[in-house]
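1. 3D, please:
(one chain, ligands or ions: 1)
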Amino acid sequence: MLDVAKIRQDFPVLERRVNGKPLIYLDNAATSQKPACVIDSLASYYREYNANIHRGLHTLSEEATSAYEETREKVREFIGAAESRSIVFTRNTTEAINLIAYSWGRANILAGDEIVLSAMEHHSNLVPWQLLAAERDARLVYLELTADGQIDMELAARLISTKTKLVAVTMMSNVLGTVTPVSELARLAHNQGALILVDGAQGVPHMPTSVARMDCDFLVFSLHKMLGPTGVGVLWARPEILEAMPPFLSGGDMISSVWRDRVKFNELPWRFEAGTPNIADVIASSAAIDYLRTLGMENVRAHEIEMAKYALAGLQEIPGVTVYGPQDATARGAVISFNFSEVHPHDIGQILNDGGIAIRAGHHCCQPLMRDLKVAGTARASFYVYNTKEEVDAFLDALKEADKVMGHVACR
Ligand SMILES: Cc1ncc(COP(=O)(O)O)c(C=O)c1O
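-> Okay, here's the model as predicted:
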């Protein structure tokens, strides 16, 4: 298991006080905090070897290029991919999905084709497919959820058909915490000749990941949710798929030769990284990956199951609290959405913030799911490697204490 007390010393922001109270950061599904090694790595790039990459012959450029490419290799290992050329850096998960929709989607989705999504997708894995479907006269098909927030796999087996060209699903829901049976969905997709895209924005930071084990065709995720800096996303695709995809953005770096009237594109992965990339943040992402590898992703997952179990048990004891998603902590991640009586989730968030506790409230970029749940929004507490049971206790106490204030708010 994790030595959380020791881990906490690595995160400078956890020394902060908010509204006179020690910060309790439970908004990790939105973005994680950063350890000192990541912050130091960023500063060291700018202080010691800031230069553009891939095109310089001087020492600084060579150092920056090799640090940038080293991150690609670390990402490859982290997700169990065979080749680093199939790893493309983007700005975030959203951009990675848009890249797939524009490039692969426009080359492969035709009128009458079906794109299968789950009913719990983040807008980032929904709107790009809506736009593509509208443009191509294709159809979106939704995998519905069971009462406890799991994908209805019997229905999935019927809905994934010869018309399906792509199944695009989250690895872990950012609202319900549900862990999706990705490899089973991959089998259903592949049996019908379709591809599967896994949105790993919530999964990759919190559990061991292997593209080989999941048997997926695309995996996307963001480094800022896994201790890394903002501004770095990853698109992994099977190399033969990426090889066949037309460029997304064009310009510098993605070419090997340009004439007045034609162009020869660069090799993978640089063909999909036009222009100067986010060099500093990609380099600092190495430190985040090293940090997680040292902790061990099995240990991260075990810690979060413990946190989820503890928080779910505590929430169930508070009258008026409704928790969404699987009740079994092993079927979910440590992201817990809930409502409290009739109180608006924003009010819950505000009251907890008065006590230094940071949670999120709203639709969590999942408006269709909110409609299915028949709520305007939820409050959401999400945990990571530096969170403790004492913090869960403080969160539950604050919720109980807030009862009176909330009672007044509810009567407004
Ligand atoms: C499941 C899921 N997919 C996609 C995203 C989008 O990630 P980003 O904002 O880094 O592009 C998020 C962000 O919260 C998410 O939770």
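
2. which residues of the stretch 101-250 of the chain lie near the ligand?
-> 122, 124-125, 170, 174, 199, 201-202, 222 (C-beta under 6 Å from any ligand atom). All C-beta atoms are positioned from the backbone trio N, CA, C, and that covers glycine.

3. can you flag which of these belong to strands?
-> Using DSSP state E, the members of these that fall in strands are 170, 199, 222.

4. out of those residues, who's the most crowded?
-> Per-residue neighbour counts (other C-beta atoms under 10 Å) across those peak at residue 199, which has 30 neighbours.

5. dump the residue contacts of it.
-> 93, 97, 121-122, 124-125, 168-171, 220-221 (C-beta atoms under 8 Å, 6 or more residues apart in numbering).

6. and if we set it to 7 Å?
-> 93, 97, 122, 125, 168-171, 220 (C-beta atoms under 7 Å, 6 or more residues apart in numbering).

7. so which residue is dead centre in the chain?
-> Nearest to the geometric centre of the chain sits residue 201, at 1.1 Å (C-alpha atoms, centre = their mean).

8. that one touches residue 224, doesn't it?
-> No: counting by C-beta atoms under 7 Å, residue 201 stays clear of residue 224, with 9.7 Å between them.

9. helix or strand right after the helix or strand hosting residue 280?
-> Using DSSP states H and E, residue 280 sits within helix 279-295. Next helix or strand after helix 279-295 toward the C-terminus (DSSP H and E): helix 297-316.

10. state the mean pLDDT of that following helix.
-> Averaged across helix 297-316, pLDDT comes to 98.

11. that one to helix 279-295, inter-axis angle?
-> Angle of helix 297-316 versus helix 279-295, following axes from the mean of the first three to the mean of the last three C-alpha atoms, to 10 degrees, is 80 degrees.

12. quick check: closest non-adjacent residue to residue 243.
-> In this structure, residue 243 finds its nearest non-sequential neighbour in residue 268, 6.3 Å apart by C-beta to C-beta, 6 or more residues apart in numbering.

13. tell me, what's the model's pLDDT at the one you found?
-> pLDDT, residue 268: 96.

14. surely it touches residue 83?
-> No: using C-beta under 7 Å, residue 268 makes no contact with residue 83, being 8.5 Å away.

15. can you give the contact residues for the helix or strand hosting residue 116?
-> Secondary structure assignment for residue 116, by DSSP H and E: strand 114-118. Contact with strand 114-118 is made by 109, 125-126, 129, 133, 138-143, 151, 159-160, 163-170, as judged by C-beta under 7 Å, 6+ apart.

16. which among those end up buried?
-> 109, 125-126, 129, 133, 138, 141-143, 151, 159-160, 163-170 (16 or more other C-beta atoms under 10 Å).

17. do I have it right that residue 270 meets residue 255?
-> No: between residue 270 and residue 255 there is no contact under C-beta under 7 Å: 9.0 Å.

18. check which helix or strand residue 167 maps to.
-> strand 164-170.

19. who are the contact partners of the residue of the stretch 251-400 of the chain found nearest the ligand?
-> Proximity of the stretch 251-400 of the chain to the ligand (C-beta to the nearest ligand atom) peaks at residue 365, 6.2 Å away. The contact partners of residue 365, by C-beta under 7 Å, 6+ apart, come to 122-124.

20. need the buried ones from the residues you listed selected in ChimeraX.
-> Filtering those down to the buried ones (16+ other C-beta under 10 Å) takes a single ChimeraX command:
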select :122,124
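
21. so which of the contacts of residue 365 is the closest to residue 280?
-> When those are compared for distance to residue 280 (C-beta to C-beta), residue 124 wins out at 23.9 Å.
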